[in-house]
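Dropping the sequence and predicted coords here.
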Amino acid sequence: MAQITYADVLQYLGLENWQFIGLALLLLAVWSVLVVLYKMGAIRKVQVNRQKLSSFEAVYISYEGSYN
């Protein structure tokens, strides 16, 4: 059983060396950005808390006017 070499991987993917390195760097950059966003809290589940408001009285006033 032969060992798989880097050249075999490139041939299997149909890529040249510079394309593979560029793709690897791009994936690393995207992964890094996603990790930073997750640690900052930008990518998390949205938590919803349902609360019932106590009864209240609302006053609605309507105005008519012109913006000229």
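Thanks, I have it. Numbering: from 1, shown residues only.

Can you check the pLDDT for residue 1?
Here the pLDDT value assigned to residue 1 is 66.

before we move on, what about residue 25?
pLDDT, read off for residue 25, is 97.

does it belong to a helix or a strand, and which?
helix 17-40 (DSSP states H and E).

then that helix to PDB, C-alphas only?
Extracted in PDB, the C-alpha atoms of helix 17-40 (Å, rounded to 0.1, in the frame of the first residue of the first chain):
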ATOM      1  CA  ASN A  17       0.300  24.300  -6.000                       C
ATOM      2  CA  TRP A  18      -0.400  28.000  -5.800                       C
ATOM      3  CA  GLN A  19      -4.200  27.300  -6.000                       C
ATOM      4  CA  PHE A  20      -4.100  24.900  -3.200                       C
ATOM      5  CA  ILE A  21      -2.100  27.300  -1.000                       C
ATOM      6  CA  GLY A  22      -4.400  30.200  -1.800                       C
ATOM      7  CA  LEU A  23      -7.500  28.100  -1.000                       C
ATOM      8  CA  ALA A  24      -5.900  26.900   2.300                       C
ATOM      9  CA  LEU A  25      -5.100  30.500   3.300                       C
ATOM     10  CA  LEU A  26      -8.600  31.700   2.300                       C
ATOM     11  CA  LEU A  27     -10.200  28.900   4.400                       C
ATOM     12  CA  LEU A  28      -7.900  29.800   7.300                       C
ATOM     13  CA  ALA A  29      -8.900  33.500   7.100                       C
ATOM     14  CA  VAL A  30     -12.600  32.700   7.000                       C
ATOM     15  CA  TRP A  31     -12.300  30.300   9.900                       C
ATOM     16  CA  SER A  32     -10.400  32.900  11.900                       C
ATOM     17  CA  VAL A  33     -13.100  35.600  11.300                       C
ATOM     18  CA  LEU A  34     -15.800  33.200  12.300                       C
ATOM     19  CA  VAL A  35     -14.000  32.300  15.500                       C
ATOM     20  CA  VAL A  36     -13.500  36.000  16.400                       C
ATOM     21  CA  LEU A  37     -17.200  36.800  15.700                       C
ATOM     22  CA  TYR A  38     -18.300  33.800  17.900                       C
ATOM     23  CA  LYS A  39     -16.100  34.900  20.800                       C
ATOM     24  CA  MET A  40     -17.400  38.500  20.500                       C
END
